[in-house]
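Student: I'll drop the sequence and a predicted model, then ask my questions.
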Amino acid sequence: MGFTLRAAAPPDADEIARLNVATWREAYAHLLPADFFTDEFVASRHAMWQRVLGEPRPGFIVQVAEVDRRIVGYGFAGPSFGAPGEHLPSERQLYGLYVSAAHHGTGVGQSLLEAVLGDGPAMLWVAARNPRAIAFYERNRFAFDGTEQTDPIAGIVDARMVRS
């Protein structure tokens, strides 16, 4: 099954938002309350992607993977951010890397990671109870640095991973 990568564009916002919600269901449904995926949550994802793609900012990159002209994955990275005055372990951060479960193991995730981060130093947050994602990032030389936080949207404990 072949796929193509390309830069995301404003017309992709709704399709990426739908994929965002679908992949969160696939990855986190067992960690979230049954009523998490409300109409408001879905609307917030659409609004977020409209803003991200409609008002691009320097240093931010969103790439999508397509199969038969349908988006099956996306990667989103940019400058690292944290609390004011917080020392960050890297200047680049992966904000999101999601691939439809039907396309796991096809190389889509690896290609997206390389497209948005390259091979250099970076940081990311991963759900501490997401062993599949953790194994993927460890294969890509990311390691836990001991920092954890609770995701403000999902309430899931996230752990920071860093690649030097």
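Tutor: Yep, that arrived. Residues are numbered from 1 along each chain as shown.
Student: can you tell me how far the residue lying closest to Ala7 once chain neighbours are set aside sits from Leu32?
Tutor: Closest residue in space to Ala7, ignoring its immediate chain neighbours: Gln63 at 6.1 Å, by CB to CB, 6 or more residues apart in numbering. C-beta: built from backbone N, CA, C; applies to glycine. Using CB to CB, to the nearest Å, Gln63 is found at 26 Å from Leu32.
Student: Val72 too?
Tutor: Distance from Val72 to Leu32, by CB to CB: 22 Å.
Student: same check, this time on Val42
Tutor: 14 Å.
Student: given the helix or strand containing the residue nearest to Ala7, what are its sheet partners and their directions?
Tutor: Following DSSP states H and E, the helix or strand that holds Gln63 is strand 61-67. Partner strands and pairing direction for strand 61-67 (DSSP bridges) are strand 4-7 (antiparallel), strand 70-79 (antiparallel).
Student: how about residues contacting the helix or strand following the last one?
Tutor: What that stands for is strand 70-79. Heading C-terminal from strand 70-79, the first helix or strand you meet, by DSSP H and E, is strand 92-99. Strand 92-99 is contacted from outside by 19-20, 23-24, 27, 65, 72-81, 108-109, 112-113, 116-117, 120-124, using CB atoms under 8 Å, 6 or more residues apart in numbering.
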